[in-house]
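Trainee: I would like the atomic coordinates for the input below:
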Amino acid sequence: MRFGVTDLLINAKILAALIFCAPLTGLMADEVRPAYLELTAAEQGGYHVLWKQPVVENKRLPIDPTFPVDCDLREEATPEITGSALIKRWFTECDLSTARIEITGLRTSITDVMVRHIPVDGEFENYIVLPAEPVLTLGSEGADSIGYLMIGVEHLVGGIDHVLFVIGLVLFISSPWMLLKTITAFTIAHSITLALSILNIVSLAQAPVEAVIALSIVFLARELAQPEERRSRLTRSNPWLMAFVFGLLHGLGFAGVLREIGLPEDALFTSLLLFNLGIELGQLFVVLVLVSALWLWRKISGRLSLQPQLMYLIAAYAMGSVATYWTIDRTLVLF
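Mentor: Numbering: from 1, shown residues only. As a prediction, the model looks like this:
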């Protein structure tokens, strides 16, 4: 059997794509979901404690809150899994208003913990606990609603499916003006559905939404792998419209995180705005990094007589392989 240069190139593209995407196929979308700890002061004294622990692939993340040694926790309800979180409820007679709380296991994880302290009198306090500093002292200077900004940034950058879609848009569009228009359309669309979902105006089950989000990446990867003349008329002439439609779906995916940690009723608009702003900052970071990398690649490929199109094809194969795996995996969950 004889192989020509074309066959070798195709095999090289497929091999490179498989090598690139192999470590990604085990990743789930939005695996950087934050944990949530709510401490509500009881009028008769003591505190009600709510702990939402992320669950990934039916396994809880190995992180737990640790309270002062003299605080006994009494279970208020049987632990239950709701959505992608394990929920536990306790009551303690301790005064936690100035307590030192450590999140064990957080230092070796890639998630954050949103902590909300609700005293009997006075405004609530929001904190965000990071892996680098897994200890919090209540009553210290809190993050207030700004914590939602950080969660938004990390959710976009750490949500592999959303990142792949943005990467696909940047690779797909060569015109700077059209790229700006397309990214803007994607931003507007996911902002609309994010707000509508959080305000309970639109409500869809998260599992099918995640499956369709993965399918949107498969579609984009297929278009990216095609020669320009063979792409669909919609993606050739109006890629911004495609981005807008798929952005509506991605906004519903973003809303899943906020539903899990909740939004404070008296700061609903501010928290929602900051979370969305965080997503936009994360998205801008991804776009700037990728555009810079593409500019550098074109400079290098021009000097070394490399084929820039080869990188696009490898990226398309890799994106398509990972997204196809996600689509099948998330679809099977529905049955």
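Trainee: okay, CA-based contacts and neighbour counts for the rest of this
Mentor: Fine.
Trainee: quick one: the helices in the stretch 151-300 of the chain?
Mentor: Secondary structure of the stretch 151-300 of the chain (DSSP state H, counting those that start in this stretch): helices at 160-172, 176-198, 206-225, 233-237, 239-261, 268-304.
Trainee: how about those helices in a markdown table, adding distance to residue 45?
Mentor: Listed next are the helices of the stretch 151-300 of the chain as a markdown table, based on distance: least, CA to CA, whole Å:
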| stretch | distance to residue 45 |
| --- | --- |
| helix 160-172 | 44 |
| helix 176-198 | 32 |
| helix 206-225 | 38 |
| helix 233-237 | 61 |
| helix 239-261 | 25 |
| helix 268-304 | 28 |
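Trainee: so which of these gets nearest residue 151?
Mentor: Minimum separation from residue 151 across the helices of the stretch 151-300 of the chain (CA to CA) falls at helix 268-304, 6.7 Å.
Trainee: which element follows the closest one toward the C-terminus?
Mentor: Using DSSP states H and E, the next helix or strand after helix 268-304 towards the C-terminus is helix 308-332.
Trainee: how about that next one: buried residues?
Mentor: Residues of helix 308-332 classed as buried by neighbour count (16 or more other CA atoms under 10 Å): 311-327, 330-331.
Trainee: per-domain residue ranges of the protein.
Mentor: Split into domains by automatic domain parsing, the chain comes to 5-30+159-332, 35-144.
Trainee: mind putting those domains in JSON lines, distance to residue 150 and mean pLDDT included?
Mentor: What follows is those, written out as JSON lines (distance: least, CA to CA, whole Å; pLDDT from 0 to 100):
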{"stretch": "domain 5-30+159-332", "distance to residue 150": "6", "mean pLDDT": "78"}
{"stretch": "domain 35-144", "distance to residue 150": "9", "mean pLDDT": "85"}
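Trainee: could I get these as CSV with distance to residue 152?
Mentor: Shown next, in CSV, are the domains of the chain (distance: least, CA to CA, whole Å):
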stretch, distance to residue 152
domain 5-30+159-332, 4
domain 35-144, 11
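Trainee: what's near enough to touch residue 250?
Mentor: Residues near residue 250 by CA atoms under 8 Å, 6 or more residues apart in numbering: 162, 190, 213.
Trainee: surely residue 42 meets residue 120?
Mentor: Yes - counting by CA atoms under 8 Å, residue 42 touches residue 120, with 6.7 Å between them.
Trainee: right, and residue 272 touches residue 196 too?
Mentor: No - under the criterion of CA under 8 Å, residue 272 makes no contact with residue 196, lying 10.9 Å away.
Trainee: between those two, which is the more surrounded one?
Mentor: residue 272 (24 against 16; other CA atoms under 10 Å).
Trainee: next one: that one from residue 192, what distance?
Mentor: 11 Å (CA to CA, to the nearest Å).
Trainee: now do the buried residues in stretch 50-59.
Mentor: Neighbour counts over stretch 50-59 (16+ other CA under 10 Å) mark 50, 51, 52, 53, 54, 55, 56 as buried.
Trainee: Validate this expectation: the third one resides in a strand.
Mentor: Yes - residue assignment for residue 52, taken from DSSP: H, G, I helix; E, B strand; the rest coil, places it within a strand.
Trainee: gap between it and residue 219?
Mentor: According to CA to CA, residue 52 stands 34 Å off from residue 219.
Trainee: one more: residue 156?
Mentor: 20 Å.
Trainee: before we move on, back to that, wait, which of the helices of the stretch 151-300 of the chain is closest to residue 140?
Mentor: When the helices of the stretch 151-300 of the chain are compared by CA to CA, helix 268-304 sits nearest residue 140, at 20.3 Å.
Trainee: now the angle between helix 160-172 and the closest one, please.
Mentor: Put simply, helix 268-304 runs at 50 degrees to helix 160-172, going by axes from the mean of the first three to the mean of the last three CA atoms, to 10 degrees.
Trainee: next, the buried residues of helix 268-304.
Mentor: For helix 268-304, the neighbour count (16+ other CA under 10 Å) marks 270-284, 286-287, 290, 294 as buried.
Trainee: now stretch 84-102
Mentor: Buried residues in stretch 84-102, defined by neighbour count with 16+ other CA under 10 Å: 84-94, 96-97, 101-102.
Trainee: which stretches in the stretch 51-200 of the chain count as strands?
Mentor: Per DSSP state E, counting those that start in this stretch, the stretch 51-200 of the chain carries strands over the ranges 59-60, 64-66, 74-82, 85-92, 100-104, 113-118, 125-129, 135-137.
Trainee: TSV for the ones you listed, including distance to residue 244?
Mentor: Formatted as TSV, the strands of the stretch 51-200 of the chain follow (distance: least, CA to CA, whole Å):
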stretch	distance to residue 244
strand 59-60	34
strand 64-66	39
strand 74-82	30
strand 85-92	30
strand 100-104	39
strand 113-118	31
strand 125-129	32
strand 135-137	41
